[in-house]
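Q: I would like to see how this sequence folds:
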Amino acid sequence: MFLLEDHDLDNDLWPWGDEPIYRDGKFTGLSTSSGYAPTLGKMVVVGWVTNEDDKSGQRGIVTNDYVLKGHYEIDLAGKRFQARGSPYPVKLQLKQPQFG
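A: Purely as a prediction, here's the structure:
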């Protein structure tokens, strides 16, 4: 899951699916779906990434650390947007109702 950090909801194109995902400047996967998260005020993009070794070309395991330590960008119609990757769902701060 990725949160688009520098995406302007009013002026930028919204992700639809099949957008390229880059990790540390290198293509690593594609988005599969997306949506606006009103509680976060951001676009949420779901997609898959790979862990391919540059020298051998072999694919490794995509661990939580691998996802969390990367610098991600998602390409929307030729413009790359900064994205924060996470293998976990976003924790929302919910207010408890006050009674009495």
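
Q: Contacts for stretch 40-49, please.
A: 1-5, 7, 9, 14-15, 19, 21, 23, 28-37, 62, 67, 70, 74, 83, 85, 90, 92 (Cβ atoms under 8 Å, 6 or more residues apart in numbering). All C-beta atoms are positioned from the backbone trio N, CA, C, and that covers glycine.

Q: Now that stretch: buried residues?
A: Of the residues in stretch 40-49, Lys42, Met43, Val44, Val45, Gly47, Val49 count as buried by neighbour count, 16 or more other Cβ atoms under 10 Å.

Q: how about the strands of the chain, start to end?
A: Along the chain, the stretches classed as strands by DSSP state E are 2-4, 20-23, 26-37, 42-49, 51-52, 59-60, 72-76, 79-85.

Q: would CSV of the ones you listed with mean pLDDT be doable?
A: Formatted as CSV, these follow (pLDDT from 0 to 100):
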stretch, mean pLDDT
strand 2-4, 94
strand 20-23, 96
strand 26-37, 94
strand 42-49, 94
strand 51-52, 90
strand 59-60, 88
strand 72-76, 97
strand 79-85, 95
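
Q: Can you give me the distance of Asn64 to Leu13?
A: 30 Å (Cβ to Cβ, to the nearest Å).

Q: still on that earlier bit, what about burial for the contacts of stretch 40-49, which qualify?
A: Looks like the contacts of stretch 40-49 have 2-4, 7, 15, 19, 21, 23, 28-31, 34, 67, 70, 74, 83, 85 buried, using 16+ other Cβ under 10 Å.

Q: Just give me the neighbour total for Tyr22.
A: 18 (other Cβ atoms under 10 Å).

Q: isn't it right up against Leu76?
A: No: applying Cβ atoms under 8 Å as the test, Tyr22 and Leu76 come out as separate, 11.9 Å apart.

Q: For the closest residue to Gly60 other than its chain neighbours, which residues are in contact?
A: Nearest non-adjacent residue to Gly60, counting by Cβ to Cβ, 6 or more residues apart in numbering: Asn51, 4.2 Å away. Asn51 is in contact with Thr28, Arg59, Gly60, Ile61, Val62, Thr63, Tyr66, counting by Cβ under 8 Å, 6+ apart.
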